[in-house]
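Visitor: Turn this into a model:
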Amino acid sequence: MNVVIPNEILAATRMTEGEMKQEIAVMLFQKEKLTLAQASRFAEMNRIAFQHLLASRQISVHYGIEDFEQDIENLRTMRRL
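Guide: Numbering: from 1, shown residues only. The predicted structure follows:
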């Protein structure tokens, strides 16, 4: 699914498309609608950079079983486990 954000909305918020994606990702992560991995992908940031963004806003990272299992699967895919 693609979401189109009209230019006038970006102009009204004085945000770039990337900044808007980050704000949405942070909000959805904070509401526990997205995992850390999902939110960082949505924000088009690597996970560490997204964690730094969260830390700069004093938002704690909740790392649950789903995140752990996804990390294990990613390591297996990368043949590092």
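Visitor: Give me the residues contacting the helix or strand of the chain with the lowest mean pLDDT.
Guide: Considering only helices and strands, the least confidently modelled element of the chain by mean pLDDT, DSSP states H and E is helix 65-77, at a mean of 87. If you take C-beta atoms under 8 Å, 6 or more residues apart in numbering as the criterion, helix 65-77 is touched by 35-37, 81. Quick note: C-beta positions are derived from backbone N, CA and C, even for glycine.
Visitor: Could you tell me which of the residues you listed belong to helices?
Guide: Using DSSP state H, the members of the contacts of helix 65-77 that fall within helices are 36-37.
Visitor: Could you tell me which of the contacts of helix 65-77 count as buried?
Guide: The neighbour-count test (16 or more other C-beta atoms under 10 Å) applied to these identifies 35-37 as buried.
Visitor: Mind putting the residues you listed into TSV with distance to residue 3?
Guide: Converted to TSV, the buried ones among the contacts of helix 65-77 look like this (distance: C-beta to C-beta, whole Å):
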residue	distance to residue 3
35	19
36	21
37	20
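Visitor: and which of those is nearest to residue 53?
Guide: Comparing the buried ones among the contacts of helix 65-77 against residue 53 with C-beta to C-beta picks out residue 36 as the nearest, at 11.2 Å.
Visitor: which residue packs closest to the closest one, ignoring adjacent ones?
Guide: residue 67 (5.6 Å; C-beta to C-beta, 6 or more residues apart in numbering).
Visitor: Just give me the neighbour total for that neighbour.
Guide: Close neighbours of residue 67, defined as other C-beta atoms under 10 Å, add up to 16.
Visitor: likewise residue 56?
Guide: The number of residues packed near residue 56 is 8, by other C-beta under 10 Å.
Visitor: just residue 22 next, same as before
Guide: Look at residue 22: counted by other C-beta under 10 Å, it has 21 neighbours.
Visitor: do the same with residue 27
Guide: Residue 27 - counted by other C-beta under 10 Å - has 12 other residues nearby.
Visitor: repeat for residue 46
Guide: In terms of burial, residue 46 registers 11 neighbours under the definition other C-beta under 10 Å.
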